[in-house]
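>>> 3D model of this:
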Amino acid sequence: MRSQGIFVGLAVAACVLAACTTESSAPESPAVLDYVALGDSAASGPRIPDQVGAPGCQQSDSNYPHVLAEQLAVGSFVDVTCSGAVTENIVSTPQGTSSGEVPVQLDALSPDTDLVTVTIGGNDIGLVSTAVQCLTFAETSATNVCRDRLTAGGVDTVAGAIAEKAPNWGAMLDAVAERAPDARILVVGYGTYLPDGGCFPTQPMLPEDADYIQGSITAMNEALKQQAEQHGAEFVDTEPLSVGHDVCVAPDQRYFEGVVPQNPAAPLHPTAAGMAAIADGVATVVRAG
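Down below sits the predicted model:
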């Protein structure tokens, strides 16, 4: 009887141990995320097929938020990115578009939101309009260096705009966190649109101006990163992943289109390939935890 009791006890212990081992080794199910995308045309994807949502927002179903949502197999996804958006359109002011007014982007958030991406800032500092001002078909740099006009008297107007707008970006991130207190907030930066020295005349911008514009993009990214770090968000740097895929390379290698697009994308905006690469970069950050 004593031997039988020992045998039964050992068997029960073995079963318990096996059950514990099986339970502990079982893979955890990935968290199902409720994802909301905020931002401007660098996120919405103007002219990239297929266009969806409010027509005036020029939003593509191949933009990085859509691609990211598919990669992460999210539980719910809301994309309120809109071409032309400025920070105020995220936090306080409905945005007027060619197809009518769209609500404040912050309204898409809720306490159930788990993941937020936001790409904003370029329109705040007039980045595209500044770049357009620097386009020229004249090679005589003595009269056509846009950089010199924008830094006349030792005052860098774009750097000044970045410094002025940076606190607004931090306040915006605080507002996002208030609406979605449990969400992971990722600030997705702007990429490497231009190589060192540009590629005049393939893209009609003189070398000095190409370096000034890309340098201004880098400065804006640095300010966005600083605000993210100071306000409990994370910054996703897309400049490194887009090196060698700028507006100067062959059309099938571009992540950003040039002045005269060779891919279905707006001038000086991401291509479908660029959106996919950005989504990969963001997904890597999300999965890394």
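>>> before we move on, which element is Gly96 in?
In this structure, Gly96 sits in strand 95-97 according to DSSP states H and E.
>>> quick check: mean pLDDT across stretch 192-199?
For stretch 192-199, mean pLDDT rounds to 98.
>>> off-centre distance for it?
Chain-centre distance of stretch 192-199: 20 Å, with Cα atoms, centre = their mean, to the nearest Å.
>>> straight-line length of that stretch, end to end?
This stretch, stretch 192-199, spans 14 Å end to end (Cα to Cα, to the nearest Å).
>>> can you name the residues that contact Leu194?
Contacts for Leu194 (Cβ atoms under 8 Å, 6 or more residues apart in numbering) come out as Gln203, Met205, Ala210, Asp211, Ile213, Gln214, Asp246, Val247, Cys248. Heads up, the C-betas are built off the backbone N, CA and C, glycines and all.
>>> give me the three-state assignment for it.
The assignment at Leu194 comes out as coil when based on DSSP: H, G, I helix; E, B strand; the rest coil.
>>> now Ala37
Applying three-state DSSP: Ala37 is strand.
>>> ok, it - contacts?
When contacts are counted by Cβ under 8 Å, 6+ apart, Ala37 touches Ala43, Pro65, Leu68, Ala69, Phe77, Val78, Asp79, Val80, Thr81, Val116, Thr117, Val118.
>>> at 7 Å instead, please
The neighbours of Ala37, taking Cβ atoms under 7 Å, 6 or more residues apart in numbering as the test, are Ala43, Pro65, Asp79, Val80, Thr81, Thr117.
>>> excluding its backbone neighbours, what's nearest it?
Closest residue to Ala37 apart from its sequence neighbours, by Cβ to Cβ, 6 or more residues apart in numbering: Pro65 at 3.4 Å.
>>> my read: the one you found touches Ser44, true?
No - counting by Cβ atoms under 7 Å, Pro65 does not reach Ser44; the two are 8.5 Å apart.
>>> shared neighbours of those two, anything?
Shared contacts of Pro65 and Ser44, defined by Cβ under 7 Å, 6+ apart, are found at Thr81.
>>> let me have the contacts of Leu194 in JSON lines, adding neighbour count as columns.
Below are the contacts of Leu194 laid out as JSON lines (neighbours: other Cβ atoms under 10 Å):
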{"residue": "Gln203", "neighbour count": "19"}
{"residue": "Met205", "neighbour count": "27"}
{"residue": "Ala210", "neighbour count": "26"}
{"residue": "Asp211", "neighbour count": "17"}
{"residue": "Ile213", "neighbour count": "24"}
{"residue": "Gln214", "neighbour count": "22"}
{"residue": "Asp246", "neighbour count": "24"}
{"residue": "Val247", "neighbour count": "26"}
{"residue": "Cys248", "neighbour count": "21"}
